[in-house]
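1. can't give you the sequence, but here's the structure:
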């Protein structure tokens, strides 16, 4: 406590609001922040593409983070299963965390099937126009099933997994995504370039990345 | 699809793990990441101190983010109330989000009363030793109540708010916090310096900040 009796006891407790704004963070990092929302079937290449884009962005000195099942399903959403309600809540939480990263000045890349338009729209509406970039990884289900990296399609066909997107639960393809990537046909490097071009067009990146 | 039949159809789908690690992010940002967990009574000055520390860190070109009721209670935890279970779940989610920011290379500062040792321990145990720095904002309840910035103590005394920490619900003070700040007695600038010294001692910051 101050020994100066003339001084109010709480002189040191002026209420401080946040002074570090998103704009100041973006200025420091020299790029804008955004949510890159990768959506598509299981095995469509969402995580692969998201991580490959992140690698390129990191090389360009951007602040990035990928949210996917690996770092969310065991932690933040560890209490959720795969019922319709739980999947909806999973996307709601991921959307809200993405918004926090957005405010923190980070380019956040999310890789979730997120099969329902209403869920993706919910996240889109959480943020300002232009902050949410929906990227549709448009790999045909035949290719996803042929790849079957995790063996999930086989299990779904046997009925061992219920409500499996594309088999026993619908995938509602985006109607107006910011970008469609033919992840089943085009080489990964070209897919990455397509995403980076989108970020340049939208003014997220300041300069043209060099290879 | 490739027209070259000799080429595997999925040649472009080598499984990519995350290549951008926490260490690479920290290297880019030129500081280590950490969770600064501010705990203390309502009105103790947690948010004020967290935001003031963030301002200083931002001036030092650090990546930072403050999580507090303002940006969490209406979004990520908008479905939670103030029952014991809900408060516990609130802290669990905030802990998990803090861990994501930690991995993203950000110095994340959290400002929640977080009155229970078990909840704070839960978060501490989510991360590696040294990643979680518990900072106890040790303002006596008499001063918090005198300040009563939000008018909550008055309402709690009238019984209009139930389970109010310090009045009708316990605050379990930290037993071995990394830092105790006398936020009721010491000027804000000095409190900020104490936190920055802690970050230097722990090797989070590379160089001594200059005023």
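-> It's in. Owing to the predicted nature of the structure, the values given are computational and were not obtained by experimental measurement.
2. List the contacts of the lowest-mean-pLDDT helix or strand in chain A.
-> In chain A, no helix or strand scores lower on mean pLDDT, DSSP states H and E than helix A:69-72, which sits at a mean of 87. Helix A:69-72 is contacted from outside by A:47, A:90, A:93, A:94, A:97, A:111, A:112, B:18, B:100, B:103, using C-beta atoms under 8 Å, 6 or more residues apart in numbering or on different chains. All C-beta spots, glycine's among them, are computed from the backbone N, C-alpha and C.
3. what's the neighbour count on the fourth one?
-> Read that as residue A:94. Counted with other C-beta atoms under 10 Å in any protein chain shown, residues neighbouring residue A:94 total 26.
4. So which residues of chain A form strands?
-> A:34-39, A:64-68, A:107-111, A:132-137, A:179-181 (DSSP state E).
5. so the second one versus strand A:34-39, what angle?
-> Interaxial angle of strand A:64-68 relative to strand A:34-39 (axes from the mean of the first three to the mean of the last three C-alpha atoms, to 10 degrees): 30 degrees.
6. Could you list the residues in contact with strand A:64-68?
-> Residues outside strand A:64-68 that contact it (C-beta under 8 Å, 6+ apart): A:46-47, A:50-51, A:54, A:57-58, A:94, A:97-98, A:101, A:106-112, B:18, B:20, B:100, B:103-104.
7. From residue A:29, how far out is the nearest residue to residue A:130 once chain neighbours are set aside?
-> Nearest residue to residue A:130, sequence neighbours excluded (C-beta to C-beta, 6 or more residues apart in numbering or on different chains): residue A:202, at 6.6 Å. Separation of residue A:202 from residue A:29 (C-beta to C-beta, to the nearest Å): 16 Å.
8. who has more neighbours, those two?
-> Neighbour tally, residue A:202 and residue A:29, criterion other C-beta under 10 Å: the higher count belongs to residue A:29, 19 against 14.
9. Is it correct that the more buried one is in contact with residue A:105?
-> Yes: applying C-beta atoms under 8 Å as the test, residue A:29 and residue A:105 come out as touching, 5.4 Å apart.
10. Now list whatever residues contact both of the two.
-> Common neighbours of residue A:29 and residue A:105, using C-beta under 8 Å, 6+ apart, are A:63, B:63.
11. which ones are touching residue A:174?
-> Counted by C-beta under 8 Å, 6+ apart, residue A:174 has contacts A:39, A:117, A:120, A:134, A:136, A:180.
12. How about residue A:171?
-> Residue A:171 neighbours (C-beta under 8 Å, 6+ apart): A:40, A:41, A:113, A:115, A:165.
13. Residue A:185: neighbour count?
-> Residue A:185: 16 surrounding residues under other C-beta under 10 Å.
14. Check the one 5 residues further on too.
-> Burial measure for residue A:190: 12 neighbouring residues, criterion other C-beta under 10 Å.
15. And it, how close does it get to residue A:32?
-> From residue A:190 over to residue A:32 (counting by C-beta to C-beta), the distance is 24 Å.
16. residue boundaries of the helices in chain A?
-> Using DSSP state H, the helices of chain A run over residues A:22-29, A:46-59, A:69-72, A:84-103, A:117-124, A:141-147, A:152-157, A:188-201.
17. Give me whichever of those is most buried.
-> For the helices of chain A, the largest average neighbour count (mean count of other C-beta atoms under 10 Å in any protein chain shown) is found in helix A:46-59, namely a mean of 22.
18. residues in contact with the residue positioned nearest the centre of chain A?
-> By C-alpha atoms, centre = their mean, chain A has its centre lying nearest to residue A:110, at 2.1 Å. Residues counted as contacts of residue A:110 (C-beta under 8 Å, 6+ apart) are A:35, A:36, A:37, A:38, A:50, A:66, A:67, A:68, A:94, A:98.
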